[in-house]
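>>> quick one, fold the following:
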Amino acid sequence: MPFALVLIIALWIIRTVIRSLQFPMNCPSDFNSTPLSNSQIIERNFDSHFESRVHILCPLSLWIVFGVPTIAPLVSLLLQESSRMSLIATSDAIGVLIADSNRMQAQLLASALRRRPEFHISTCTMEIISIFQAATSDLPRVALLSVAPANFSETVAVLRRFHLTHPGIAQVLLSDSFDRELVVTAFRSGVRGVFSITDSNLRLLCKCILRVAGGQIWANTEQLNYVMDLISEVPSLRVLNSSGDRLLTPREEQVVALVAEGLGNRQIARELNLSEHTIKKYLFRIFEKLGISTRVELVLYAVHNGDPRQAEWLAGA
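Residues are numbered from 1 along each chain as shown. Coordinates of the predicted model:
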């Protein structure tokens, strides 16, 4: 009994001291225009957190000394504290949308991620309408979109539309494996990360979500090399006739692609490491083969009859 009374008195004194120390910091901002430093903010949050524990421990000690009548305020304070902490956790959580055509796989992934307090998880099917509805109602920061090899073209269309309509939501593409075409197409469609669900674990996926939500890119070295190779390649455009036959040589196709990008003869010559006179000769032969006479006609022809392809470096001629 004496120990309990001493504990009550000590907690009451601590609570009184904390309140007296907190009074200047709880004044309105009009009376204190100096912004708080990070250490002051941490100290203030710690004091508030500690005082809430004092509010709970005081009734608990009273209940030990005097019995059951004080248990109702104790339960009430415990519920208020639990609600407050859960509200703080929810407000700071990162919204994550999981879209997968396989419902069981989506539910398993969602159940695993819901165990992490830093995420707020929602799910939908891998359909553009469902994704748009979920993105509008839940306002996620990150979207995990699963791709199946059989529906690759449909997934690419979904990625592009989703990126155009919700550019603020970072997309991460989930797949069993990634080849060069899939990685390049995914980043061209606006994704911020690609994640292999077969070769990785849940902890790594959580790290991926946090990095992408923070504005970073998630890809391994091999996948980044795919993107860098694409950037460093000389563009090329395969020009076909109505029967699907190629009309131009590989070098002429490169010239057409650069003209379609708006480059002049001097810029094209520098890009291909050729002389400006050689570029003019290429253009003359291209005009003759295609039956056109101006660069504008060449661009229009390339738009309607061109087929972009991976280019290989050709030695200057």
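>>> mind listing the helices for the stretch 51-200 of the chain?
Secondary structure of the stretch 51-200 of the chain (DSSP state H, counting those that start in this stretch): helices located at 71-92, 103-114, 128-138, 152-165, 180-188.
>>> could you tell me the least trusted of these?
Set side by side, the helices of the stretch 51-200 of the chain differ in mean pLDDT, and helix 71-92 is lowest with a mean of 52.
>>> point out where this protein drops to low pLDDT.
The model of the chain has pLDDT under 70 over residues 1-91, 149, 231-244, 303-317.
>>> domain-wise, how is it divided?
Residue ranges for the domains of the chain, per automatic domain parsing: 2-21+39-91, 93-230, 234-309.
>>> buried residues in the helix or strand containing residue 271?
Secondary-structure element containing residue 271, defined by DSSP states H and E: helix 265-272. Of the residues in helix 265-272, those buried under the neighbour-count criterion (16 or more other C-beta atoms under 10 Å) are 265, 268, 269, 271, 272. (Glycine included, C-beta is placed from N, CA and C.)
>>> which secondary structure elements does that helix contact?
Here helix 265-272 is seen to pack against helix 250-260, helix 276-290 when contacts are counted using 3 or more C-beta pairs under 8 Å, 6 or more residues apart in numbering; DSSP states H and E.
>>> let me know the angle separating it from helix 250-260.
130 degrees (axes from the mean of the first three to the mean of the last three C-alpha atoms, to 10 degrees).
>>> need the buried residues of helix 265-272 in a markdown table (columns: distance to residue 282).
Below are the buried residues of helix 265-272 laid out as a markdown table (distance: C-beta to C-beta, whole Å):
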| residue | distance to residue 282 |
| --- | --- |
| 265 | 10 |
| 268 | 9 |
| 269 | 10 |
| 271 | 13 |
| 272 | 9 |
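>>> circling back to that earlier point, among the helices and strands packed on helix 265-272, which comes closest to residue 193?
Distance to residue 193, taken as C-beta to C-beta, is lowest for helix 250-260 among these, at 29.3 Å.
>>> list the buried residues of that closest one.
When burial is assessed from 16+ other C-beta under 10 Å, helix 250-260 yields the following buried residues: 251, 252, 253, 254, 255, 256, 257, 258, 259, 260.
>>> in TSV, list the residues you listed along with distance to residue 291.
Formatted as TSV, the buried residues of helix 250-260 follow (distance: C-beta to C-beta, whole Å):
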residue	distance to residue 291
251	20
252	14
253	17
254	20
255	17
256	14
257	19
258	21
259	16
260	17
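>>> and which of those is nearest residue 144?
For the buried residues of helix 250-260, the minimum distance to residue 144 (C-beta to C-beta) is 35.1 Å, reached by residue 257.
>>> do you know how far the closest one is from residue 286?
Separation of residue 257 from residue 286 (C-beta to C-beta, to the nearest Å): 11 Å.
>>> also residue 223?
Residue 223 sits at a distance of 36 Å from residue 286 (criterion: C-beta to C-beta).
>>> again with residue 228
Computed with C-beta to C-beta, the distance linking residue 228 and residue 286 is 30 Å.
>>> likewise residue 259?
Here the criterion is C-beta to C-beta. By it, residue 259 lies 9 Å from residue 286.
>>> many thanks, I have nothing further to ask.
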